[in-house]
Structure formats: structure tokens, C-alpha cells
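1. The sequence isn't on hand, but the structure is:
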């Protein structure tokens, strides 16, 4: 009996070691050997924002609105990235939040890279400080460490990093234009040191009719020396996509870049339209309009966002429960998917 128990204990110990070894291999070895070639384009041509929500639920987790085991998330992520690639996208945008655990974002970036997708990292810190000021020296040091750690650990797969999200808007404000320039000055060299091949993206306008003057103030203060790609989000309001505002925003940004001797390539690093605000058919028509206008001038577009399945249902807010996704909560593709398909997959970032 003792001999049998000893054998069983040995078998269990071996299984535990094998399982532990597998997870350690996935955690440390696989990322080291997953690499993407340095892109020649300044930004992926067609990318999509990957929004998600994760909550612990005992030994399981709630991923979006679905309860599943932690191991099942890996399977779901792999399938999502495969589907994004198959749809014709060549980039996936992910949020990296200051003073938060970004482990899952790193794993999503890894799964994206394994499918040949170029991850785009958005470095944001909206909840970490009051909006009416810049970082204190101590906070800035912590921010720089956060940036350095994320860029360094993903240097073989993430070549595009965006600093802050929509700083021109009160909702996401980072102090004054002068303070935002200081943030760029403090962040840009950290990114370049951690990954010399990285492209730094900044969004200085987030409205179709932008009367804030924020972007011109930042550029006149020399902020343009601390990024490589200039982004804008030509949103309207009710609905978010308005054809006249999109055209006007593109013309405004082209004029602004020309004023500064065309130093930066232009991209739309976020644009979307919730089907809760318009019909799904109108959502599809508006999206097709955006992609059509952008295609005429080779303007890269990032659609906001991939799937409602990965967010809580009926949770309210811009990013959650508002039906922005190309895919519904039930997993069915919206008409927008077919509407923009002809614009996807024509060029790659590599």
C-alpha cells in the first residue's frame, strides 16, 4: 500500500512539475522567441481597437460577459486575433494603464504578434491624477518607469506607442498645453531608449470641429519634436460620425501639418460609431464613408472597436454596452463588417 501511495505521489508531483513548466514556458520563453520584423510603414494601415473587460469570479473569471476558466481566455484570445487577422486588419490597438496590472494586455499583444498583427500600445493614465495639472516630479518618475518597463518588455512585438489618450478633451485632460509638452519631453526619450525602432504617436485633436486650439498650442511650444506620428479622432456628436465634420477635420489636419513643413504622417488612431445611436445599417454606411475618404489619401484608420462580446452588456458608457463593436454580443457580425471589408487587407505594416 505504501509503495502504491509513493508511486501515486510521484506521478502527481511529475504532473505538477510538467504543468508548472508549461506555464513558465508560456510566460517567459514564448515571449522571448516571438518577434515581428521592424515595420517600414509609420503606422498599420488598417487596425482595430481591442476593448475588453476582465473580472475575477472565484476560481474563474468573467471575460466580457462570459464566465470561463483562466486557461480558456488564452484560447479565446488566440481565436480573436486569428479572426482579426483573417478580416484583413494588420494592427490591433491595446490600452496600457498607468498604475494598473497590464499582464493581460501583454498577453493579447503576444497573441496578436503570433498571428502577424502589429500591436499598437496606448499609454494612458487618466485615473492616476487630477486633470487640472501635470504629474508631480515623483509621479513623473513613476510614469517613466511604467513606460520603460512596458516598452522594454514588448520591444520585439510593439513598435507603435501612443502617449496619453485625447488630452485635448476635458474627460481625458493632462493639465495645460505647456504641461502636456513636458509630458512628451519626458516620455519620448524613454520610449526611444527602450526601443529605438518604436514610432511615437500623439493625438492632439479628438473632435471633428475642434475649437480648443490645443494642437496648435502644443506644436507652437515645440511639442512636435517629441513624437513621430500625428493622430486625430474626427468625432462629432449625435451621431459620432458626421460626414461634413470628417471632411473638415481631415482638411484641417492636412493644413496644420503643412504649416509645420509636413514633419509628421497623419493617422486616425481611433474612430467609431455605436449602433445604439444609429441603426446598424447607418453605422455601416458611415463607416464605409470614413474608410472611403481615408483610402483616397492613404490615411491609416483604427476602428473603435472589435467586439461587444468582450465587454459587459448594458453597462453604459462610451466603451461599454454601447454597441460600438464590429461584432454583436451574440457573436454575429454587424453589417459594418461587410461594408468595410473591401478596404481591409490591401497593405501590410511590414
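-> Nice, I can see it. Source: prediction; values computed, not measured.

2. what stretches of the stretch 1-150 of the chain score poorly on pLDDT?
-> Within the stretch 1-150 of the chain, the ranges that satisfy pLDDT under 70 run 1-33, 126, 128-129.

3. How are the helices of the chain distributed by residue range?
-> Under the criterion DSSP state H, the chain contains helices at 2-24, 30-33, 70-87, 103-114, 137-153, 177-194, 214-220, 243-259, 280-296, 335-340.

4. Residue 230 is nearest to which of those?
-> helix 243-259 (6.5 Å; CB to CB). C-beta: built from backbone N, CA, C; applies to glycine.

5. Who are the packing partners of that closest one?
-> strand 199-205, helix 214-220, strand 229-232, strand 266-271, helix 280-296 (3 or more CB pairs under 8 Å, 6 or more residues apart in numbering; DSSP states H and E).

6. wait, doesn't residue 286 sit right on residue 274?
-> No. With contact defined as CB atoms under 8 Å, residue 286 does not reach residue 274; the gap is 10.9 Å.

7. that older thread, so can I have JSON lines of the helices and strands packed on helix 243-259 showing mean pLDDT?
-> Shown next, in JSON lines, are the helices and strands packed on helix 243-259 (pLDDT from 0 to 100):
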{"stretch": "strand 199-205", "mean pLDDT": "97"}
{"stretch": "helix 214-220", "mean pLDDT": "95"}
{"stretch": "strand 229-232", "mean pLDDT": "98"}
{"stretch": "strand 266-271", "mean pLDDT": "98"}
{"stretch": "helix 280-296", "mean pLDDT": "97"}
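
8. Which one's more surrounded, residue 286 and residue 274?
-> Neighbour totals were compared for residue 286 and residue 274, and residue 286 leads with 22 against 19 (other CB atoms under 10 Å).

9. Which residues are in contact with that one?
-> The contact partners of residue 286, by CB atoms under 8 Å, 6 or more residues apart in numbering, come to 239, 241, 243, 273, 278.

10. hmm, which of those residues are the buried ones?
-> Neighbour-count burial (16 or more other CB atoms under 10 Å) applied to those gives 241, 273, 278.

11. pretty sure the last one is touching residue 239, no?
-> Meaning residue 278. Yes. Between residue 278 and residue 239 there is a contact at 5.1 Å, judged by CB under 8 Å.

12. What is the neighbour count of the closest residue to residue 179 other than its chain neighbours?
-> Leaving aside its chain neighbours, residue 179 sits nearest to residue 134 (3.3 Å; criterion: CB to CB, 6 or more residues apart in numbering). By other CB under 10 Å, 18 other residues sit near residue 134.

13. I figured residue 134 was touching residue 182, is that so?
-> Yes. Taking contacts as CB under 8 Å, residue 134 lies within contact range of residue 182: 6.0 Å.
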